[in-house]
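model this:
(chains A and B)
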2 protein chains.
Amino acid sequence: MAQKPSIPKGTRDFSPVEMAKRNYIFNTIKEVYALYGFQQIETPAMENLSTLMGKYGEEGDKLLFKILNSGDFLHGMTPEEVANTSTLKLAAKFCEKGLRYDLTVPFARYVVQHREELALPFKRYQIQPVWRADRPQKGRYREFYQCDADVVGSDSLLNEVELMQIVDTVFTKFGVRVCIKVNNRKILTGIAEMIGQADKIVDITVAIDKLDKIGLDAVNAELADNGIPAEAIEKLQPIIQLSGTNTEKLVTMKEVLKDSEIGLKGIEETAFILSKLEGLKNEVELDLTLARGLNYYTGAIFEVKALDVQIGSITGGGRYDNLTGIFGMPGLSGVGISFGADRIFDVLNQLDLYPKEAVNGTKILFVNFGEAEANFCLPVLAQLRSEGISAEIYPDTAKMKKQMSYANAKQIPFVALVGESEMAEGKINLKDMTTGEQQLVTPSELIKILK
Amino acid sequence: MAQKPSIPKGTRDFSPVEMAKRNYIFNTIKEVYALYGFQQIETPAMENLSTLMGKYGEEGDKLLFKILNSGDFLHGMTPEEVANTSTLKLAAKFCEKGLRYDLTVPFARYVVQHREELALPFKRYQIQPVWRADRPQKGRYREFYQCDADVVGSDSLLNEVELMQIVDTVFTKFGVRVCIKVNNRKILTGIAEMIGQADKIVDITVAIDKLDKIGLDAVNAELADNGIPAEAIEKLQPIIQLSGTNTEKLVTMKEVLKDSEIGLKGIEETAFILSKLEGLKNEVELDLTLARGLNYYTGAIFEVKALDVQIGSITGGGRYDNLTGIFGMPGLSGVGISFGADRIFDVLNQLDLYPKEAVNGTKILFVNFGEAEANFCLPVLAQLRSEGISAEIYPDTAKMKKQMSYANAKQIPFVALVGESEMAEGKINLKDMTTGEQQLVTPSELIKILK
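Residues are numbered from 1 along each chain as shown, chains lettered A, B, ... in the order given. Sure, this is the predicted structure:
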């Protein structure tokens, strides 16, 4: 046989079992999004490169998959021009379109393009693949799904509250215990002001964001490396190591930030959000070291960690101002979350939390003993299906062993055996594949058992 | 404001309402596929060009979207090499990957690549977008979804029967009256043999396939243009114009094809399939002029037409031998169908057949009169959502008019008005947006009304 065909590195096929599990994850999230009035949209896989370029930094531009223009993409260029043009510029000449890199920029483009049709605030969710020409490695793919919900056109903190409720409900439905960490960019800005290093806020937060991973000493070393004076680092220590309940932390920070107007605003926002989250099933923790994508977020910042599995953040988000400014529509604030589908998939696998009925497919297989027997079974199959029961008949009159191993491979829990004697009685010999037990039942009894 | 951003020609954004309708279509089809034991898979958007090239003819190769290799795609080519290489060959040098053009070739690749894991017969369905660099025009897009189900690894005609049952069930669920047309490649081969033109089978069937569109005279003219002798065309006339019930047609054709072994085999197969389809809700018609993609199909051929809307075929399919032969795994027969999602979308729109509950989102909007009122509403919202009722509170304390027009734009059927007097009573003023009626209810009454 010829060499097996393969798929591009960093991409994946999803098998029936994997798809069933992924569908369970996405359907659960979609249901909860819908309960809160979020509506689904989809955008094209290909966007104009003018939409994508410059939105993800220089590194991001390099990671865009670009699509070669159809037809004569050289377009009358001379060999000299080709030879003397940089690869990056040539790519820009050869390609007008690129594959979507995330769901946020296409969403911003969507809002601006369709602004006349939209009723603000616009609460949308979007579950689609994105593509990045990253070096593939364990857990990092070149094609993966994102699963985002955002509200744009409202400054109200109730949006933050509802997004946290969504996170809480989704993980409660999954049966995964999580800690929801919250912080606020304005508090971080206040801290930087308070230690006299307002212009170093990015360096400071990037460093303290690593506390969990690298420990306090390494964080302090990184701060010093970035030119933060020892005195300022000293002032930071009680904040980085702040412990206690959320309320205690808020009280302390209100005192620490008493001279920073923006810092106090951050405290006030966080206190409001936390006060509305008291009924949640999962723990919510104010974590002053949390800083995800700081250049991006302008208000609340969230992150979700699984308590019973060692894995990075499984959901994140926050508030950003001016989402659509890049497309010439300023002044629109938004807040959003993104569920990490691949990591949630791993967490549910590790904790064995997929409900059987979500993953199982066919409920019963009718063994095919020949045409007469099949003719007896077909109306029964039709009845089962009209009752919403997934049922199959093995299409060929193959050996019993082959048919049974098909049932096993597909993990079909029941098998129906109908031979001459069963036909004569108008009954079905039903075999429970888990217990091995068999019983003779009428078609209507069969429906009752399988429902 | 800057110029509005746009999307590549031939691609589309799907708005919340369009997505709700599309989800209704796909979910209905998925449910029925699952009732018959079909399992979903997904394959990557990008395939290696070696997988795609040469599978869709020369024209198809040109319509593949190719992805520029990352990094230095010129890869040390000299300017002379670039200048002297054809565009097509250059594209092959610059690009290793392309976007999926249909779901069939990736499915064949999947079957071969994962053959050790698969229990045959393998019944899979797949609903994913495909991309073609076709010239965009009305109803033809460069990105569109396909929605395929196939069985591979079984020669049994029960598979054909079940696929027709699936078609019948799906359109019955949609409320669309259809005619399911069936034919068989073997009958067409028999006809070509019978008129002494076995080698002209493609020309003959391409011509008679157009009967519906261009009429009998034009068909006969095309046959003559293709070098079919007048005598053979004469012999074809009774077959092209054959009318009567399916049984009458089968009887006639059995006589006409009595000297063609393959023709009689086609009659026998068709008779078997039709005999098992008697309980269907929709009409099944043996149409000897049906020939869809003749180079592809080797047995049964299907096509579905809507009876109450003027539109082309809305679903099609058939049996093909040797699906996986192109990837070095011969001898695997398959049969499949493909629902035309875009056309079905149009048909359901024209006939206004979308069920309200499938398209509607939020059931109730709580008007936001201020923080105290919102505080009263939040626990009620939580209760509604825990009962599975989609509920929103307008996040900002905006003017009443703005909040009501938000409810109207989202077609939210109920609005809850809670002011000081309602709070004092612990009740909600519920407004039915269709009738304009208002009533004062308790939270538990509210749940009952909305459920």
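
quick one, strands of the stretch 301-450 of chain A?
Taking DSSP state E, counting those that start in this stretch as the test, the strands found in the stretch 301-450 of chain A are A:315-320, A:334-339, A:364-366, A:391-393, A:414-417, A:428-432, A:438-441.

Direction included, what does the last one pair up with?
Sheet partners assigned to strand A:438-441 using DSSP bridges are listed as strand A:428-432 (antiparallel).

Please determine how far A:Glu392 is located from chain B.
To chain B, A:Glu392 is 4 Å away according to C-beta to the nearest C-beta, to the nearest Å. (C-beta placed from N, C-alpha, C; glycine too.)

Sorry, slip of the keys, the one I care about is A:Ile195.
As for A:Ile195, its distance to chain B is 34 Å (criterion: C-beta to the nearest C-beta).

A:Arg177 too?
A:Arg177 sits 19 Å away from chain B, taking C-beta to the nearest C-beta as the criterion.

Now for the closest residue to that residue other than its chain neighbours, how many residues are close by?
Closest residue to A:Arg177 in three dimensions, ignoring its sequence neighbours and counting by C-beta to C-beta, 6 or more residues apart in numbering or on different chains: A:Leu307, at 4.3 Å. For A:Leu307, the tally of surrounding residues (other C-beta atoms under 10 Å in any protein chain shown) stands at 11.

Need the per-residue pLDDT for A:Leu307.
We have a pLDDT of 97 for A:Leu307.

Now it: phi and psi?
According to degrees, to the nearest 10, the main-chain angles of A:Leu307 amount to phi -80, psi -30.

so what's it up against?
If a contact means C-beta atoms under 8 Å, 6 or more residues apart in numbering or on different chains, then A:Leu307 has A:177-179 as its contacts.

Which helix or which strand is home to A:Ala271?
Applying DSSP states H and E as the criterion places A:Ala271 in helix A:261-275.

Could you check that helix against chain B for contacts?
No: with C-beta under 8 Å from any C-beta of the partner chain as the criterion, chain B is not reached by helix A:261-275; the gap is at least 9.3 Å.

What are the contacting residues of that helix?
In this structure, residues lying in contact with helix A:261-275 by C-beta under 8 Å, 6+ apart are A:157, A:160-161, A:164, A:182-191, A:193-194, A:246, A:250, A:253-254, A:256-258, A:284, A:286, A:299-300.

Which among the residues you listed count as buried?
Among the contacts of helix A:261-275, the ones that count as buried by 16 or more other C-beta atoms under 10 Å in any protein chain shown are A:157, A:160-161, A:164, A:182-191, A:193-194, A:246, A:250, A:253, A:256-257, A:284, A:286, A:299-300.

re earlier: in a markdown table: the strands of the stretch 301-450 of chain A, plus mean pLDDT, distance to B:Ile201 and mean neighbour count.
Conversion of these to a markdown table gives the following (pLDDT from 0 to 100; distance: least, C-beta to C-beta, whole Å; neighbours: other C-beta atoms under 10 Å in any protein chain shown):
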| stretch | mean pLDDT | distance to B:Ile201 | mean neighbour count |
| --- | --- | --- | --- |
| strand A:315-320 | 95 | 58 | 25 |
| strand A:334-339 | 96 | 54 | 25 |
| strand A:364-366 | 98 | 38 | 26 |
| strand A:391-393 | 97 | 34 | 26 |
| strand A:414-417 | 98 | 43 | 21 |
| strand A:428-432 | 97 | 45 | 19 |
| strand A:438-441 | 97 | 51 | 14 |
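
Could you dump those into JSON lines with distance to B:Asn375 added?
What follows is the strands of the stretch 301-450 of chain A, written out as JSON lines (distance: least, C-beta to C-beta, whole Å):
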{"stretch": "strand A:315-320", "distance to B:Asn375": "21"}
{"stretch": "strand A:334-339", "distance to B:Asn375": "20"}
{"stretch": "strand A:364-366", "distance to B:Asn375": "52"}
{"stretch": "strand A:391-393", "distance to B:Asn375": "52"}
{"stretch": "strand A:414-417", "distance to B:Asn375": "52"}
{"stretch": "strand A:428-432", "distance to B:Asn375": "54"}
{"stretch": "strand A:438-441", "distance to B:Asn375": "57"}
